[in-house]
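> Curious how this folds, go ahead:
(chains A and B)
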Protein chains: 2
Amino acid sequence: MHIKEWGETGFIHYLQQQFSVNSPLVGIGDDCAVIPMTKDMAWLVTTDALIEGVHFLKEKIGASQLGYKTIAVNVSDIAAMGGEPRYAFLSIALPKNTDCNWLNQLVQGMKEACQLWNISLLGGDTVGSKNDLFLNITLIGTAHPQKIKYRHQAQVGDMICLTNDVGNAGGGLKALQNQLSLNADVQYLIDAHFHPQPSTEQGKWLASHSAVHAMMDISDGLDCDLRRLIKASQCGAMIEITQLPISKALLQVSQEQHWVAFDIALTGGEDYCLLLTIAQDQLQSLQSSFHAIFGKPLYAIGQIIDLPEQLIYQLDGKPKKMHLRPFDHFQSI
Amino acid sequence: MHIKEWGETGFIHYLQQQFSVNSPLVGIGDDCAVIPMTKDMAWLVTTDALIEGVHFLKEKIGASQLGYKTIAVNVSDIAAMGGEPRYAFLSIALPKNTDCNWLNQLVQGMKEACQLWNISLLGGDTVGSKNDLFLNITLIGTAHPQKIKYRHQAQVGDMICLTNDVGNAGGGLKALQNQLSLNADVQYLIDAHFHPQPSTEQGKWLASHSAVHAMMDISDGLDCDLRRLIKASQCGAMIEITQLPISKALLQVSQEQHWVAFDIALTGGEDYCLLLTIAQDQLQSLQSSFHAIFGKPLYAIGQIIDLPEQLIYQLDGKPKKMHLRPFDHFQSI
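I've put the predicted structure just below:
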């Protein structure tokens, strides 16, 4: 059997079994591992690899954008658990013909991201590669142990919320793949793909509220990541498609290109916003405060239901069968 | 200009400049980064990547050996600063045709190593790769902040020591490359290449002695790594070649194959023993205690001298010009 058949979920599940750990340590399975330090402080650790030809094409993404994005995707994992990013470690495997100007721009993009989030890059490893460029960031963050949010804590009746539009980055990737002519809307989507903006401040603020139960970031598409959340929480979810926050740009470009915007919003990936569940009776109050503080809505898109691992889509209150392609890193190579 | 011309040292120096940090944090440039936590505890963080075709050939190394080695090389970095390994994070990029049995053995090798050093593997990232297999471990360890050893603290007059033979792993690689017939000596060298045994207990013990000034592990060959140590310490070194600890196996195979054992001992790489400097007047006492505790010698091979960045080799007390090939990851791809 090959890893392609086993699949990413199967492999991660196997690793979880092989490397189980005891509380209060939290190991494989959430956005970050958790290592308690003091009664007021825990460490969050996440690691994300970006591989040439899989996560990016060198000829499509600017070096500086790639550097920024490599840091940002890890920052999003720290944000997902309500933490603050602190220390980064970079492993980079470079083919020998890597241009030094390109490399300089890559590093400057990382530096920009590190400065933006006040991250110290403290070390790493620099090695050669026969073929492809590999980038790996391990990011350490801190959080209050009592305020960390996990993906397994959704409760039946919770409202399911998002901190941002979904589908822009997926639309941007599609625009690049289809070589669409640039206009303001197309550019907006491409920017979302190249320059994700993790919900760091929102994550910390949400984590400080006990009414927020489960939280994670969306990296592989809302459909895929919500399935992970309900699996971890042993519950189900009902999503009202008309409530999905979709940008005017994505709607406009989808109309022009005959794309199904809902599909892109559900499966596009790389949104790097937060997916969370909130006690129903606290929703309105949290939405109001969120809007007052961040100047943007906290979008409620559905509800946690008592049907384990069932993800049900509704369109205007009526069940709607969706034909979405499940995401798997080993299928998409 | 390409990275091959820039070289690994040039690139690391550039990264150091771009990502400088303030004391008490210790960033790029030593075996581990240091993050002080409490007055009794600091975190050590190291990361090492192993790339198919560069660090290993899948058809030459057993999957379980590769798994073990991936952990062990990081453990060696923690040992080099006198710490105790604790938490590991694995990033793995797999080509889609990766065989699941092979992968299972890889994971079992990692698990064996984690159990050996009491390491909890807490997380990571699993992604696809177009061509090569990529493995990255970030390892977090702990140490007493006052007992951490750095490579920049060698003092003129210090004796230069090793915790083990050098050249076995280099000889093992050469044996594999030349497809030597297996006998006990060849097997011994190949085992050293596949199954490094970091000096963890020795590292902790040595770190607890103030007479030990500078310490690091040898990963890229004694010549290369000693040059790094004297550069960091702004001093020079004199090595007496006849004092180099070389195993009987390496001497025997070298004689049979007409290899120069000294060259392999100086440049072979992947020894993963410790290179350290000790106050001259404390050498004998430390050597005796070391032998009593660990049942093996602490080898004195030379002395730190007052000639910045000069590495001088002697043979029976007379200067000896060596023609060694400097190690560079970007040259060796």
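
> Surely A:Pro196 is in contact with A:Tyr272?
Yes. Counting by Cβ atoms under 8 Å, A:Pro196 touches A:Tyr272, with 4.0 Å between them. C-beta here means a position set from N, CA and C on the backbone, and glycine is covered the same way.

> what residues do these two have in common as contacts?
Common contact partners of A:Pro196 and A:Tyr272 (Cβ atoms under 8 Å, 6 or more residues apart in numbering or on different chains): A:Ala72, A:Val73, A:Ser76, A:Ala169.

> what sits against the third one?
By that I understand A:Ser76. Going by Cβ under 8 Å, 6+ apart, A:Ser76 touches A:Pro196, A:Pro198, A:Ser199, A:Asp217, A:Ser219, A:Tyr272.

> and it, what helix or strand is that in?
helix A:63-80 (DSSP states H and E).

> quick one: average confidence on that helix?
Taken as a whole, helix A:63-80 carries a mean pLDDT of 96.

> Next secondary structure after it?
Assigned by DSSP H and E, the successor of helix A:63-80 is strand A:84-94.

> Just the CA atoms of that following strand, as PDB, please.
Output of strand A:84-94 as PDB, limited to C-alpha atoms (Å, rounded to 0.1, in the frame of the first residue of the first chain):
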ATOM      1  CA  GLU A  84       0.800  34.900  20.900                       C
ATOM      2  CA  PRO A  85       3.600  34.000  18.500                       C
ATOM      3  CA  ARG A  86       7.100  34.300  19.900                       C
ATOM      4  CA  TYR A  87      10.000  32.300  18.500                       C
ATOM      5  CA  ALA A  88      10.500  30.900  15.000                       C
ATOM      6  CA  PHE A  89      12.900  28.200  13.600                       C
ATOM      7  CA  LEU A  90      13.500  27.900   9.900                       C
ATOM      8  CA  SER A  91      14.700  24.800   8.100                       C
ATOM      9  CA  ILE A  92      15.500  25.500   4.400                       C
ATOM     10  CA  ALA A  93      16.700  23.000   1.800                       C
ATOM     11  CA  LEU A  94      18.000  24.800  -1.300                       C
END
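
> Return the distance of that strand from the chain's centre.
With Cα atoms, centre = their mean, to the nearest Å as the basis, strand A:84-94 stands 17 Å off its chain's centre.

> Check stretch A:238-247 too.
Stretch A:238-247 sits 18 Å away from the centroid of its parent chain (Cα atoms, centre = their mean).

> Pull the residues that contact it.
A:160, A:162, A:164-168, A:188-189, A:222, A:226, A:261-262, A:265-266, A:297, A:299-303, A:305, A:311-317, A:320.

> can you rerun that using 6 Å?
A:162, A:165, A:167-168, A:261-262, A:265, A:299, A:301-303, A:305, A:312-316 (Cβ atoms under 6 Å, 6 or more residues apart in numbering or on different chains).

> just checking, what packs against the lowest-mean-pLDDT helix or strand in chain A?
Every helix and strand in chain A was compared by mean pLDDT, DSSP states H and E; the lowest is helix A:3-18, with a mean of 87. For helix A:3-18, the contact count by 3 or more Cβ pairs under 6 Å, 6 or more residues apart in numbering or on different chains; DSSP states H and E identifies helix B:100-116, strand B:120-129 as packing neighbours.

> Can you report how many residues lie near A:Asp316?
Look at A:Asp316: counted by other Cβ atoms under 10 Å in any protein chain shown, it has 8 neighbours.

> residue contacts, it?
By Cβ under 6 Å, 6+ apart, the contact list for A:Asp316 reads A:Thr242.

> State the pLDDT value of it.
If you check A:Asp316, the pLDDT there is 91.

> so does stretch A:129-137 get close to chain B?
Yes. Stretch A:129-137 lies within reach of chain B by Cβ under 6 Å from any Cβ of the partner chain, at A:Ser129, A:Lys130, A:Asn131, A:Asp132, A:Phe134, A:Asn136.

> Where neighbours are concerned, which of these has the most?
Most neighbours among the residues of stretch A:129-137 next to chain B, by other Cβ under 10 Å: A:Asn136, with 32 neighbours.

> I'd like the next helix or strand past the helix or strand where that residue lies.
Using DSSP H and E, A:Asn136 maps to strand A:134-143. Beyond strand A:134-143 in the direction of the C-terminus, DSSP H and E gives the next helix or strand as strand A:159-162.

> partners of that following strand, with directions?
With DSSP bridges as the test, strand A:159-162 is paired with strand A:274-278 (antiparallel), strand A:299-305 (antiparallel).

> Give me the contacts around that strand.
Identification of contacts with strand A:159-162 by Cβ under 6 Å, 6+ apart yields A:237, A:245, A:273, A:276-278, A:280, A:283, A:298-303.

> Stretch A:218-232 now?
Contacts with stretch A:218-232, where a contact means Cβ under 6 Å, 6+ apart, come from A:151-152, A:166, A:214, A:216, A:236-237, A:266-269, A:271, A:273, A:275, A:309, A:311, A:324, A:327.
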